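A.B. asks: Provided below for reference: sequence and predicted model.
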Amino acid sequence: MRNTAFFVGVGGPLSVLTSLVAALLVNAKLARWKGLFRTVYFMPVVTTMVAVAIVWRYLLHRATG
């Protein structure tokens, strides 16, 4: 029960605060490195798709799949 209370009391607000800061940085008009931040923020989506495509390519390879 103590661990659950800790995760609810600390993890919840911390994740909301982190998400809010990330959203503000993505949409900020005066942010200096807005393009770089958007790229870094979107990178996990792209790398996941690339990794899945590579795995499927190996699975469906004619000679070794």
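C.D. replies: Received, thanks. Numbering: from 1, shown residues only.

A.B. asks: Spell out the residue ranges of the helices in this structure.
C.D. replies: 2-6, 12-27, 34-59 (DSSP state H).

A.B. asks: Tabulate these (CSV), appending mean neighbour count and distance to residue 65.
C.D. replies: (Each C-beta comes from the backbone N, C-alpha and C, glycine too.) Listed next are the helices of the chain as CSV, based on neighbours: other Cβ atoms under 10 Å; distance: least, Cβ to Cβ, whole Å:
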stretch, mean neighbour count, distance to residue 65
helix 2-6, 8, 44
helix 12-27, 11, 39
helix 34-59, 11, 5
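
A.B. asks: and these as TSV, adding mean pLDDT?
C.D. replies: Formatted as TSV, the helices of the chain follow (pLDDT from 0 to 100):
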stretch	mean pLDDT
helix 2-6	93
helix 12-27	90
helix 34-59	90
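
A.B. asks: Next one: the residue nearest the centre of the chain from residue 50, what distance?
C.D. replies: Centroid-nearest residue in the chain, with Cα atoms, centre = their mean: residue 44, separated by 5.0 Å. Distance, residue 44 to residue 50, using Cβ to Cβ, to the nearest Å: 11 Å.

A.B. asks: And residue 32, by the same measure?
C.D. replies: In terms of Cβ to Cβ, residue 32 sits 29 Å off from residue 50.

A.B. asks: what's the neighbour count on residue 1?
C.D. replies: 5 (other Cβ atoms under 10 Å).

A.B. asks: And it, what's its pLDDT?
C.D. replies: pLDDT for residue 1: 92.

A.B. asks: could we number from 46 for the rest of this?
C.D. replies: All right, first residue 46 from here; so that's residue 46.

A.B. asks: What lies in contact with stretch 48-64?
C.D. replies: Residues outside stretch 48-64 that contact it (Cβ atoms under 8 Å, 6 or more residues apart in numbering): none.

A.B. asks: What is the distance between that stretch and the centre of its chain?
C.D. replies: A distance of 18 Å separates the C-alpha centroid of stretch 48-64 from that of its chain, computed with Cα atoms, centre = their mean, to the nearest Å.

A.B. asks: okay, how far is it across it, tip to tip?
C.D. replies: 23 Å (Cα to Cα, to the nearest Å).

A.B. asks: No further queries at this time; thank you.
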